[in-house]
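**Student:** A predicted structure for the sequence below; I have some questions about it.
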Amino acid sequence: MASPTTTTASNPSSSLIPSTPNPDIVKERKIASFNTSEMTVFIDGSEQETKHRRQMEAFLLKQKLFSTNASNMGAEEEYDFSAKETVQFIRALKARGGMTIMDAVMKGRRVVTNDFLFGVHDLMFVPTIERLGTEEQQAKWAPLGREYKILGTYAQTELGHGTYLPGLETTATYDPSTQEFIVDTPKLTSMKFWPGSLGHTANHCILMANLIIKGQNYGPHAFMLQIRSRDDHRPLAGITLGDIGTKWTHNGHGNGFLRINKVRIPRNQMLMKYAQVSPDGTYSKQGNIKMMYNTMILVRMTILTYAFIGLSKATTIAIRYSAVRRQGALKMGDPEVQILDYQTQQQKLFPGLATAYAFNSVFKRMYAMYENCNSDIQRGDFSSLPELHGLASGLKSFMTYTSHGFIDQCRQSCGGHGFLLSGGLAGISSKFSASITYEGENSVMILQTARYLMKTLSAIQSGGQVIGSASYLASPPQQHSKISSKSDVLNFDLLMQAFEHRAYRLTMAAGQRLAGFVMQGLSQAEALGNSTIDLTKAAEAHLHFFIVASFCAEVNAVHSGLGIKEVLTTLCQLYAVYGMDRNMGDFLQDGYMNGEQAEMVHEQYLNLLAALRPNAVALVDAFDYRDEALHSVLGCYDGNAYERLFADSLSCAKNKTEVHPIYEKYLKPLMKDTQSKL
């Protein structure tokens, strides 16, 4: 694999940095047992995908702004930079031609590391018009959105309500005498709060509001609402909006608040593909209103890709640095040891590396399911939508929690250097942490999976046929593990059987607990409220099984003639065995496994860490990140971490003068005061 380009962002004083790579990093690449280029193609899905991705990344990185790291900017500077970078990107892409903005963002998402100002516009505003608007509404608004002649956001979250849609307080009350909706945020808690681009960027929004007709509440529906003038960008009459304030990170998104005081909009500004209000106020439905879920599924699918990107970047930085960092000698007089050789360091990094590969596999499976579901919907078949919604919601929770934990572990594994912004890991960790709460708080999201599992159990008990990821619930699995030797621990079939058993048992236990509360006289809602911990555990087990099965299936499908199959097998085994070892109590609790088998699992976990060690650097090289995308002095391809650390220190603004201004302002007067007293 060709050495990725190094930019001035990672190389502020090039004279300090050797022209040759660190010898330790060179050695690591020589001992790899596979071809990294073949692995890159596997990760991307095809040679064509790799080619297109690299072309888009090269195009984007030619724009100077995309190689600038905004993580050390102030909030106002970052917002300005985000706007500048986003507009430059759009103009450059229009000049290039041949690809939509959204396609380019998805192809180039690995290098667009700063906030993309129109992310909500492209991912939610325009797609919602296309999915929920009538043909006439699509013809009117979608082209304006695609060409950025109107700038939009998606306003659902309120100051007092987030994930719980039935609790939204924004109203759209129909007035048949004028054929208008009166849109209002009647209380402080009903103001829209948090939508990206709402503060000072968007001039339109898709507004989620409760539809009220003749006093009856029909629940949340989508409305098109103009909030700023297209001429001078001032808020329209009855509209109060602004930025919500400085956040820990992501200050380039322009998150805002919106208060609406009885603003009237025409009847045709309710998106009416699946729900209609006639001129006289008659409400009707057409098709399946569950299509409202489709936009949120698309957003959550996108978050799954970022769970992979964030984790793969972090492991790239931490593993490369661990290969060149030497600390401690095993014997007096011996060379110091690469910290990647320490078992404790391998435990910090290698399960996260295996998880990144597993998450890449599950995303590819989920994307195929999403495409198939959309094809079914076009034919009027919505039967696959509940499973897709349940999986996308739960995986958003499972994958973001897991990735964030490993990302921060990567930061910690680099010691004090990992705390520097120039190291790259602190920025990845802080930015990615937002994914745990945005677009659905994780505890709520994983309970969507649990609800799907409970509905599946109910369907099975009613004699229905179940297909898909939860079909294993239709019949009891093996009651005892067939593992009888250490080699059995690595068998894909036996690993999947173990995770299937765990998911089945915990789902059944949660279902029985739920049913028990109902039999005691509790309502369904009360029973659910008393069962959420068990339901969450069942959902996590189901999702864990789904990921293990997806990873095993993809590895099994790799042609045995390719050199990557053996190391992929090791990665898949490590992902599953680590998960078993960490959650061994679940496998021991009902006697599925015994103490001897548990010891075999732990022994193989340690063996797999050692087996992966020679290929660790090559495996992160295969992620194919250019230095410009990593923004890390620790994780550059050439391994010259110390030189880059020092060069970056020299470029620090505090070092512009040998004597900092604080000396004359504060230190000198203090010392003079002290001397006069002496």
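**Tutor:** Yep, it's here. Residues are numbered from 1 along each chain as shown.
**Student:** Going by secondary structure, the closest residue to Val620 other than its chain neighbours is in what exactly?
**Tutor:** Distances taken as Cβ to Cβ, 6 or more residues apart in numbering put Thr316 closest to Val620, at 4.1 Å, once the chain neighbours are dropped. From N, CA and C alone the C-beta is placed, and that goes for glycine too. Here Thr316 sits within helix 292-324, counting by DSSP states H and E.
**Student:** in that helix, what counts as buried?
**Tutor:** Residues 292-324 are the ones in helix 292-324 that count as buried (16 or more other Cβ atoms under 10 Å).
**Student:** What helices and strands are in contact with that helix?
**Tutor:** In terms of contacts (3 or more Cβ pairs under 8 Å, 6 or more residues apart in numbering; DSSP states H and E), helix 292-324 is packed against helix 23-30, helix 126-132, helix 343-378, helix 385-413, helix 425-433, helix 616-621, helix 627-630, helix 641-650.
**Student:** Just name the shakiest helix or strand of the chain by mean pLDDT.
**Tutor:** Lowest by mean pLDDT, DSSP states H and E among the helices and strands of the chain is helix 101-108, with a mean of 73.
**Student:** So for that one, what gets flagged as buried?
**Tutor:** Ile101, Met102, Ala104, Val105, Met106, Lys107, Gly108.
**Student:** any idea how far Lys672 is from His660?
**Tutor:** Counting by Cβ to Cβ, to the nearest Å, the gap from His660 to Lys672 is 17 Å.
**Student:** higher neighbour count, the two?
**Tutor:** His660 (13 against 10; other Cβ atoms under 10 Å).
**Student:** Nearest spatial neighbour of Thr178, chain-adjacent residues omitted?
**Tutor:** Arg264 (7.2 Å).
**Student:** Phe350: what's it in contact with?
**Tutor:** Applying Cβ atoms under 8 Å, 6 or more residues apart in numbering to Phe350 gives the contacts Leu574, Leu608, Leu609, Leu612, Arg613, Ala616.
**Student:** Tell me the one of those residues nearest Leu168?
**Tutor:** Leu574 (44.0 Å; Cβ to Cβ).
**Student:** does the closest one count as helix, strand or coil?
**Tutor:** Look at Leu574: counting by DSSP: H, G, I helix; E, B strand; the rest coil, its state is helix.
**Student:** Neighbours of it, how many?
**Tutor:** 25.
**Student:** Equivalent analysis for the one 5 residues further on, please.
**Tutor:** Neighbour count for Gly579, taken as other Cβ under 10 Å: 24.
**Student:** Show me where this protein has its strands.
**Tutor:** For the chain, applying DSSP state E gives strands covering 152-155, 171-175, 180-184, 192-193, 204-213, 216-226, 239-243, 256-260, 263-266, 275-277, 283-285.
**Student:** how about the ones you listed in JSON lines, adding mean neighbour count?
**Tutor:** Formatted as JSON lines, the strands of the chain follow (neighbours: other Cβ atoms under 10 Å):
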{"stretch": "strand 152-155", "mean neighbour count": "30"}
{"stretch": "strand 171-175", "mean neighbour count": "20"}
{"stretch": "strand 180-184", "mean neighbour count": "20"}
{"stretch": "strand 192-193", "mean neighbour count": "24"}
{"stretch": "strand 204-213", "mean neighbour count": "23"}
{"stretch": "strand 216-226", "mean neighbour count": "18"}
{"stretch": "strand 239-243", "mean neighbour count": "17"}
{"stretch": "strand 256-260", "mean neighbour count": "24"}
{"stretch": "strand 263-266", "mean neighbour count": "15"}
{"stretch": "strand 275-277", "mean neighbour count": "19"}
{"stretch": "strand 283-285", "mean neighbour count": "11"}
